[in-house]
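Asks: here is a sequence with its predicted model. Questions after.
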Amino acid sequence: MKTYNIFYMLLAFIIVACSKPEGGKNDGNNDNIGEDANYTILLSNNDLLSASLLNANLDQITLDLKSSPFGITDIPLLTYRDDTVISFYQNNPECTGIVTKYDFHDDSSHEKEVFMDLGDCDLSIKSIAHSKESIFIAYEVPGSSSKDTLYFIRSLNISNEDSSFL
């Protein structure tokens, strides 16, 4: 056995063990006593999605007895989350879909029905994303063969009430 390999591992361990943290010296006094925080947790049960409110401080996390403005909805087919905003897509039985964008910061919600113009139940939704003003849905329309399949991205302006899209 090569003993110099053990020597180098021991030397590396001593260097790592003796190095100081980058924050400077720590005298054991921690001035940060914690902040109170409010959380919203999404729960799924029996194909339904709901939200519960939690309150937290340095010592404990408790359930907030207030009802969440999120409500109860079917579990979405696709979701996209960015910071405090979540958007999701759900199928409709009439061969259309519903997109919803919910902001947990101010409890605002925007919902829009999509694909009323296509009327095609063979439509396959692949992904969803959002920006501040728009929701983007990637989908495919299958053709008679894999070469005939068409791929699209639909951009919806969620801030106005009309059903225009690009």
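Replies: Received, thanks.
Asks: when you work out contacts or count neighbours from here on, use the C-alpha atoms and nothing else.
Replies: OK.
Asks: hey, what's the most centrally placed residue in the chain bridged with?
Replies: For the chain, the residue whose C-alpha lies nearest the mean C-alpha position (CA atoms, centre = their mean) is residue 81; its distance is 2.5 Å. Counting by DSSP bridges, residue 81 forms beta bridges with residue 86.
Asks: I'd guessed it sits against residue 101; true?
Replies: No - in this structure residue 81 lies outside contact range of residue 101 using CA atoms under 8 Å: 9.5 Å.
Asks: name the residues contacting each of these two.
Replies: Common contacts of residue 81 and residue 101 (CA atoms under 8 Å, 6 or more residues apart in numbering): residue 87.
Asks: and the helices in this structure?
Replies: With helices called from DSSP state H, the chain shows them at 3-18.
Asks: what stretches of it score poorly on pLDDT?
Replies: Counting by pLDDT under 70, the chain has low-confidence residues at 1-34, 119-120, 161-166.
Asks: switch the cut-off to 80
Replies: Low-confidence segments of the chain (pLDDT under 80): 1-38, 67-68, 71, 118-122, 144-146, 158-166.
Asks: all strands for it, in order.
Replies: Counting by DSSP state E, the segments of the chain that form strands are 37-45, 48-56, 61-63, 73-74, 78-82, 85-91, 97-103, 108-114, 124-130, 134-141, 150-157.
Asks: deepest of these, which one?
Replies: strand 85-91 (a mean of 21; mean count of other CA atoms under 10 Å).
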